[in-house]
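S.K.: For reference, the sequence and a predicted model appear below.
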Amino acid sequence: MTPELIEALRTGPAAAEIARLVGQGIAETDLLATITSLRRRFDPDIAAAIVETALLRIRATAKFGDPSQMLFDRSGLEQATTSAVARHRAAQFDVGDPPLIVDLGCGIGGDAVEFTGHADVVGVDREDGRVRLAAHNCRVAGGPNAFHGIVGDSMTLAPFRASAVFADPARRSGGRRLRGLASYLPPVEPLIERWRPYTQAMAIKVAPGIEDHEIPAGASVEWVSLDGSLREAVLWIGTGAARRRATALPSGASVAGPEPDGIKITPIDRYLHEPDDAVIRAGLVRRVAADIDASMIDPAIAYLTSPRPVDHPLVTSHRVDDVMRFNLKDLRRRLADLDVGAVTIKKRGSPITPEELRPRLRLRGSRRATLFLTRTADGPLVAIGLD
Ligand SMILES: C[S@@+](CC[C@H](N)C(=O)[O-])C[C@H]1O[C@@H](n2cnc3c(N)ncnc32)[C@H](O)[C@@H]1O
């Protein structure tokens, strides 16, 4: 975005028009008519940018608490970190000497906005429009500290001293997903080598599917979920953090490795517990089983069980009313006996999909239930929990 366009959208009649369109909830189908009508009062570029900004601001409410003054470009918003996740990360930087955080590949400033709550920030991006948007967004939605933008390449810019360096390399290029840390833009290991000598701590956001063999030597990994769904993994370097960690937001509850030995394997008891996705991806299911005094139902299945419900932010507990070997006819009969007419279907380790199973259950009752399709050494099982 050019400086002139940012200036035009920031204040005055264009800003008022964006607020009006956001308020009335502009639909993708109304775009042409809206732009045509705006062109009577604004230059064509500004009319188009007003509509685009209104659309993106509506979309941005899913990522940012209050995007009402923020500006975006479409792909910059798609790549931006959700504020709850960025806030959690920013709070972990021990801002020392000099009190400065470098944000490499700052994009539209999703992370930088939160970093400015802790220290001055230098944001680097090779796209000048992004640096301007990050600067604007830090001004309207950031903390009390300053944001300084540099348009440049994180791999050729001369590194400088900072208390922490964060990088969020691009994982898409030309609509294509880039797989593996070596294909990110910029690639992760050379980025670490270049900036590590200049800082006490580094954090690098990577895909949550990172493979164990990709974890750089000396790095710890934190897998982060928000509202139960896995969002990202972060490589931490120089912070002394545990090698593997899972954090669930918004609670901030965290668990760290190593995994304990000797977790019991038992049949499904009165309660099944589903560990948070971050726990599963971090490979810390046994750690959580020990913490909540539960057993596993199978060494390879991420369901835990115990005779009592558990109130713990890293698991969701479900009461179990029946457990049976999976057989379609028997399940149909049992659900009819229980007067079940609607089901939520969850599965772990079962090849059957909810879409396949649901119509074949021919449900007619009035109660709701949750079905857990799984397997143990005894074969395929289904547990039923009445809602
Ligand atoms: C995933 S986005 C960053 C999103 C940002 N953390 C946020 O929350 O808004 C990655 C950014 O890195 C930039 N980028 C890619 N390669 C770069 C390089 N070699 N040097 C500097 N920036 C780069 C892209 O232009 C893009 O804006």
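M.R.: It's in.

S.K.: C-alpha from now on. contacts and neighbour counts both.
M.R.: Fine.

S.K.: Pull the contacting residues for residue 264.
M.R.: Applying CA atoms under 8 Å, 6 or more residues apart in numbering to residue 264 gives the contacts 295, 296.

S.K.: Which helix or strand contains the closest residue to residue 238 other than its chain neighbours?
M.R.: Using CA to CA, 6 or more residues apart in numbering and skipping the chain neighbours, the partner closest in space to residue 238 is residue 201 (4.7 Å). Residue 201 is part of strand 199-206 when elements are defined by DSSP states H and E.

S.K.: after that strand, next one along is what?
M.R.: Next helix or strand after strand 199-206 toward the C-terminus (DSSP H and E): strand 220-226.

S.K.: orientation of that next one relative to strand 199-206 in degrees?
M.R.: 50 degrees (axes from the mean of the first three to the mean of the last three CA atoms, to 10 degrees).

S.K.: helices or strands up against strand 220-226?
M.R.: helix 83-90, strand 229-237, strand 244-249, helix 277-282 (3 or more CA pairs under 8 Å, 6 or more residues apart in numbering; DSSP states H and E).

S.K.: make it 10 Å
M.R.: helix 83-90, strand 199-206, strand 229-237, strand 244-249, strand 253-256, helix 277-282 (3 or more CA pairs under 10 Å, 6 or more residues apart in numbering; DSSP states H and E).

S.K.: Residues in a beta bridge with the residue nearest to residue 238, which ones?
M.R.: Counting by DSSP bridges, residue 201 is bridged to residue 164.

S.K.: That one: how many residues sit nearby?
M.R.: Residues lying near residue 201 (other CA atoms under 10 Å) number 23.

S.K.: cool, residue 60 as well?
M.R.: Counted with other CA under 10 Å, residue 60 comes out at 22.

S.K.: Quick check on it: phi, psi?
M.R.: phi -70, psi -20 (degrees, to the nearest 10).

S.K.: in stretch 147-166, what counts as buried?
M.R.: Within stretch 147-166, the residues that count as buried by 16 or more other CA atoms under 10 Å are 147, 149-155, 161-166.

S.K.: Extract the C-alpha set from it and format it as PDB.
M.R.: This file holds the C-alpha atoms of stretch 147-166, laid out as PDB (Å, rounded to 0.1, in the frame of the first residue of the first chain):
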ATOM      1  CA  PHE A 147       8.000   0.600  15.700                       C
ATOM      2  CA  HIS A 148      10.800   1.300  13.200                       C
ATOM      3  CA  GLY A 149      10.400  -0.200   9.800                       C
ATOM      4  CA  ILE A 150      13.100  -1.400   7.400                       C
ATOM      5  CA  VAL A 151      12.400  -2.400   3.900                       C
ATOM      6  CA  GLY A 152      14.900  -5.100   3.200                       C
ATOM      7  CA  ASP A 153      15.900  -8.800   3.000                       C
ATOM      8  CA  SER A 154      16.500 -10.500   6.400                       C
ATOM      9  CA  MET A 155      19.300 -12.500   4.800                       C
ATOM     10  CA  THR A 156      21.300  -9.600   3.300                       C
ATOM     11  CA  LEU A 157      20.600  -6.800   5.800                       C
ATOM     12  CA  ALA A 158      23.500  -6.400   8.100                       C
ATOM     13  CA  PRO A 159      22.400  -7.900  11.500                       C
ATOM     14  CA  PHE A 160      22.500  -5.700  14.600                       C
ATOM     15  CA  ARG A 161      22.300  -6.300  18.400                       C
ATOM     16  CA  ALA A 162      18.800  -6.800  19.900                       C
ATOM     17  CA  SER A 163      17.600  -8.500  23.100                       C
ATOM     18  CA  ALA A 164      15.300 -10.800  21.000                       C
ATOM     19  CA  VAL A 165      14.900 -11.700  17.300                       C
ATOM     20  CA  PHE A 166      11.600 -13.100  16.100                       C
END
